[in-house]
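Engineer: pasted the sequence and its predicted model underneath.
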Amino acid sequence: MHITPRETGWIEVICGSMFSGKTEELMRRLRLAQIAKQRVGIFKPKIDDRFASDAIVSHEGRRIPSVSIAEAREIRELAMPDGKAAFDVVGIDEVQFFGLEVVEICERLADSGLRVIVSGLDQDSRGVPFEPIPQLLAVAEFITKNLAVCMVCGNPANRSQRLVERESRVLVGAAESYEARCRKCFTLPDGEKRQRTLPLGQGK
């Protein structure tokens, strides 16, 4: 078996909690592709303007230029204009903000021979699987799950603890709004029980 696929596209998923180094790993892979003189397209959701609108920026301050888009379909339009691949590699940060539509788009790009690398949260602030990451994990050839460090006890952390009260499932923020927690230290608002799953289609 080949270590990496040959003459075909594929999907790589980098997932984990906040502060687990997902974006750093995505940028590392994309920079290596650029060093190899591959055509690289990099996309991020327009909703995530925490650090820059024209770059993916890690919590450590490292950055790589990117294109901000509002809807997942724009990725396909930019990556496959006139049905021909404009890139060899496509990177997508914070993929959880694009909803289920992005799964089919990633599949189509990979089917067209592109290497597709995505990163995002696999659980929301209530510990519920965050679509579309579960679906992407199911179709990806390569999966990396990063762990952070629990800010309470120092254990390996795989959950994102929301520090501010907000009803919305989506809240773009950084250290002022979230911290990494382990299974033991993760908590929900008083009286709220954790949902284990969400019905298909309710991931936005």
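Structural biologist: Here it is on my side, so go on.
Engineer: tell me which residue is most central in the chain.
Structural biologist: residue 120 (1.9 Å; CA atoms, centre = their mean).
Engineer: adjacent strands (with direction) for the helix or strand of the chain with the lowest mean pLDDT?
Structural biologist: Counting by mean pLDDT, DSSP states H and E, the weakest-scoring helix or strand in the chain turns out to be strand 55-57, with a mean of 87. Applying DSSP bridges, strand 55-57 is found paired with strand 63-65 (antiparallel).
Engineer: what about the helices in the protein?
Structural biologist: Under the criterion DSSP state H, the chain contains helices at 22-35, 73-79, 101-111, 133-139.
Engineer: highest mean neighbour count out of those helices?
Structural biologist: helix 101-111 (a mean of 20; mean count of other CB atoms under 10 Å). Bear in mind the C-beta positions are built from the backbone N, C-alpha and C, glycine included.
Engineer: show me what the residue nearest to the centre of the chain bridges to in the sheet.
Structural biologist: With DSSP bridges as the criterion, residue 120 is bridged to residue 15.
Engineer: and it, what does it touch?
Structural biologist: 14-15, 22, 93-97, 130, 133 (CB atoms under 8 Å, 6 or more residues apart in numbering).
Engineer: count the neighbours of the closest residue to residue 22 other than its chain neighbours for me.
Structural biologist: Distances taken as CB to CB, 6 or more residues apart in numbering place residue 119 nearest to residue 22, at 4.2 Å, with adjacent residues excluded. Residue 119 is flanked by 28 other residues according to other CB atoms under 10 Å.
Engineer: quickly note the distance from residue 119 to residue 184.
Structural biologist: The spacing between residue 119 and residue 184, counted by CB to CB, to the nearest Å, is 26 Å.
Engineer: also residue 24?
Structural biologist: 26 Å.
Engineer: wait, doesn't residue 45 sit right on residue 94?
Structural biologist: Yes - look at residue 45 against residue 94 with CB atoms under 8 Å: they come within range, at 5.3 Å.
Engineer: ok, the closest residue to residue 160 other than its chain neighbours - contacts?
Structural biologist: Excluding its sequence neighbours, the residue lying closest to residue 160 (CB to CB, 6+ apart) is residue 18, at 4.1 Å. Applying CB under 8 Å, 6+ apart to residue 18 gives the contacts 121, 148, 160, 174, 178-180.
Engineer: which among those end up buried?
Structural biologist: 121, 148, 160, 178-180 (16 or more other CB atoms under 10 Å).
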